[in-house]
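Peer 1: Can you look at this prediction? I've put the sequence above it.
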Amino acid sequence: MEKQPKSFSFRIRIFGSSAPSGLEAMLGGIVHKKTGMKVSFDKPDVRIRVVVSGDLTVFGIVLCETERKSLFTRLPHERPFFHPGALVPTVARTLVNLAQAMPSHTFLDPFCGTGSILIEAVKVGARAVGGDADEQMVKGTLKNLQNIQDVQTSCADVIVLDATTLPIRDKKIHSIAFDPPYGRSAKLFGVKNMTELYKLSLEECERVIKGGRIVFAYALNLYEGKPPEELVEGVGLKVVELHTQRVHKSLVRRIVIAEKPD
Ligand SMILES: C[S@@+](CC[C@H](N)C(=O)[O-])C[C@H]1O[C@@H](n2cnc3c(N)ncnc32)[C@H](O)[C@@H]1O
């Protein structure tokens, strides 16, 4: 912070129950006593947020805020091209954020489907490149990208491609996120099984990324093959985080965050 903050606002959010009365004032009082800052709701120098979930309490200072409402205007069934496998924008944006896509980045989704992830990458200001082995998906993604407002379509390049032999030169990409096919009914486009598809495409991601994050999501309960997180180390990448999300009773999603050092 450039200058010493003199005032603060304070808000607490408790998941699973409401805040016991007086807790906010009590914690705000502690902050005042420890820092000497005064409470200000109109123009605080710092905004403190506290999140309580089970045994975990996290304190933080608001550094920036995103505009979340527009995410809900990009729901899959409201886009010109729809397919049932499409990710909802909140999940697609999560993958893009976990990949640490930045405005100056070239971002890749080699399994783009209807384009959910590419749309969010373009929205954070990255130059998005991607594609799919299915031509109908590529055409659909282009339609969906053309439909997003306030974004130039020149920010995205989408082509028919095979994620296991990417038509991209070495080290040209800054960040990657995707959700590859999973489950028995998925079309495999020439590879012999899921393990091979994941291994070959991870090798290609490792080749084309300059250094940075490769994030992917798959259905843990439907996937048949060697756990993809175990393939990551074998292709020269490192697993930095693993997350498991229960989406509903028949879908448990796993998110793998891998990294290639610069
Ligand atoms: C789970 S879907 C992706 C959904 C997408 N994230 C969305 O929100 O619409 C997986 C996609 O991978 C594509 N695919 C399968 N094998 C491929 C390969 N070898 N190379 C590129 N794309 C492939 C499928 O055609 C399918 O569209």
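Peer 2: That came through, no problem. Numbers count the residues shown, from 1 in each chain.
Peer 1: make it CA atoms for all contacts and neighbour counts henceforth
Peer 2: Fine.
Peer 1: what about residue 129, neighbour count?
Peer 2: 22 (other CA atoms under 10 Å).
Peer 1: try residue 244
Peer 2: 14.
Peer 1: With adjacent residues omitted, what lies nearest to it?
Peer 2: Excluding its sequence neighbours, the residue lying closest to residue 244 (CA to CA, 6 or more residues apart in numbering) is residue 254, at 4.5 Å.
Peer 1: before we move on, what SS does that neighbour have?
Peer 2: When classified by DSSP: H, G, I helix; E, B strand; the rest coil, residue 254 comes out as strand.
Peer 1: residue contacts, it?
Peer 2: Counting by CA atoms under 8 Å, 6 or more residues apart in numbering, residue 254 touches 217, 218, 219, 220, 242, 243, 244, 245.
Peer 1: how far is the helix or strand encompassing the fifth one from where the chain is centred?
Peer 2: This points to residue 242. Taking DSSP states H and E as the definition, residue 242 sits inside strand 238-248. Mean-position distance between strand 238-248 and its chain equals 12 Å (CA atoms, centre = their mean, to the nearest Å).
Peer 1: now stretch 255-262
Peer 2: With CA atoms, centre = their mean, you get 13 Å for stretch 255-262.
Peer 1: Need the residues that contact it.
Peer 2: With CA under 8 Å, 6+ apart as the criterion, stretch 255-262 contacts 98-99, 206, 209-218, 229, 232, 236-245.
Peer 1: do that stretch and the ligand meet?
Peer 2: No. Stretch 255-262 lies apart from the ligand when judged by CA under 6 Å from any ligand atom; the minimum separation is 13.0 Å.
Peer 1: how about that stretch: buried residues?
Peer 2: Neighbour-count burial for stretch 255-262, counted by 16 or more other CA atoms under 10 Å, picks out 255, 256, 257, 258, 259, 260.
Peer 1: quick check, nearest of these to the ligand?
Peer 2: residue 255 (13.0 Å; CA to the nearest ligand atom).
Peer 1: quick one: the closest one from residue 133, how far?
Peer 2: 22 Å (CA to CA, to the nearest Å).
Peer 1: tell me the contacts of the residue lying closest to residue 72 once chain neighbours are set aside?
Peer 2: Of all residues not flanking residue 72 in the chain, residue 89 sits nearest, at 7.3 Å (CA to CA, 6+ apart). Going by CA under 8 Å, 6+ apart, residue 89 touches 71, 72, 74, 75, 76, 116, 117, 120.
Peer 1: List phi and psi for residue 89.
Peer 2: phi -60, psi -30 (degrees, to the nearest 10).
Peer 1: So the residue minimising distance to the centre of the chain versus the ligand, what's the distance?
Peer 2: With distances taken as CA atoms, centre = their mean, residue 95 lies nearest the centre of the chain, 1.5 Å away. Here the criterion is CA to the nearest ligand atom, to the nearest Å. By it, residue 95 lies 10 Å from the ligand.
Peer 1: Am I right that that residue falls within a strand?
Peer 2: No. Going by three-state DSSP, the assignment for residue 95 is helix, not a strand.
Peer 1: Out of the contacts of residue 254, which are close to the ligand?
Peer 2: Okay, of the contacts of residue 254, nothing touches the ligand (CA under 6 Å from any ligand atom).
Peer 1: Filter those down to the buried ones.
Peer 2: 217, 218, 219, 220.
Peer 1: nearest spatial neighbour of the third one, skipping sequence neighbours?
Peer 2: By that I understand residue 219. According to CA to CA, 6+ apart, the nearest residue to residue 219 is residue 253 (4.6 Å).
Peer 1: Pretty sure that neighbour sits against residue 222.
Peer 2: No. Using CA atoms under 8 Å as the test, residue 253 is too far from residue 222 to be in contact (9.4 Å).
Peer 1: neighbour-wise, which of these two wins?
Peer 2: The neighbour comparison of residue 253 against residue 222 (other CA under 10 Å) goes to residue 253, with 18 against 14.
Peer 1: Just want to check the distance between the more buried one and the ligand.
Peer 2: Distance from residue 253 to the ligand, by CA to the nearest ligand atom: 12 Å.
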